[in-house]
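Student: my questions concern the predicted model and sequence given below.
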Amino acid sequence: MYSKTILIITILCIALVPAVAISGWFGPSSYYDCIEKNLPNAKDRYKLNEIRKMCRNKFPPQLLPQSELQKIEGKAGFSNYQYGDQFFSGKFYNGSEDWEIHSITVEVCNKGSDDCIKYSLYGTSPIKPLSTAETSCKVYEKKTDFEWHLIKAKGYPYQ
């Protein structure tokens with residue numbers, strides 16, 4: 001009888017504990033929580049980037065709402081780096097107070113043409129709210145007379 005009472009009380013206690021109260025018991029519950037829990041393992045910048053990548057895979061970035069996407073401004077273009085590699089790169093300002101940006105997708109078109117290519121640009125670190133950062137991606141076709149526009153951006157609501 002005593003063990004049956006203990007069992008019933010235990011089951012009731014477990015059932016009454018809100019899910020929010022145990023959300024962090026079995027690992028991180030968000031991208032930022034994942035970064036925070038793994039930060040002590042970041043001995044250098046390379047390891048920190050690996051932690052960010054792991055956390056992004058576990059908690060994929062979300063599309064920014066259109067109202068937040070309109071707050072991104074920047075200049076971008078083609079550039080050549082060492083060994084003849086070509087990049088499309090830009091310096092972007094994140095005018096949102098609420099989102100941290102992890103990738104920006106642009107469409108680059110020949111002027112006056114429907115000949116377009118989409119590029120997803122990534123920086124070495126996210127673009128924090130109300131700040132500027134550089135992003136780039138390697139390209140295999142350089143356009144000479146072109147125009148570009150922002151299509152989408154992905155990130156996380158800033159905490």
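Tutor: It's in. These numbers were taken from a predicted model, which means no experiment stands behind them.

Student: where does the chain dip in pLDDT?
Tutor: 1-25, 82 (pLDDT under 70).

Student: one more time with 90, if that's ok
Tutor: 1-29, 39-53, 78-89, 110-117, 121-126, 136-146, 159 (pLDDT under 90).

Student: can you tell me the helix or strand for the residue most central in space within it?
Tutor: Geometric centre of the chain, nearest residue: residue 102, 3.0 Å, by CA atoms, centre = their mean. Take DSSP states H and E as the rule and residue 102 turns out to sit in strand 99-110.

Student: same for that strand, what does it pack against?
Tutor: If you count contacts as 3 or more CB pairs under 8 Å, 6 or more residues apart in numbering; DSSP states H and E, strand 99-110 packs onto strand 72-80, strand 86-94, strand 116-121, strand 146-157. In this view, the C-beta of every residue, glycine as well, is placed from N, C-alpha and C.

Student: mind putting those into CSV with mean neighbour count and distance to residue 132?
Tutor: CSV is the format used below for these (neighbours: other CB atoms under 10 Å; distance: least, CB to CB, whole Å):
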stretch, mean neighbour count, distance to residue 132
strand 72-80, 15, 8
strand 86-94, 19, 5
strand 116-121, 16, 14
strand 146-157, 18, 14
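
Student: need these in CSV with distance to residue 60, can you?
Tutor: Shown next, in CSV, are the helices and strands packed on strand 99-110 (distance: least, CB to CB, whole Å):
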stretch, distance to residue 60
strand 72-80, 20
strand 86-94, 19
strand 116-121, 14
strand 146-157, 8
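
Student: tell me the domain boundaries of this structure?
Tutor: Split into domains by automatic domain parsing, the chain comes to 25-60, 62-157.
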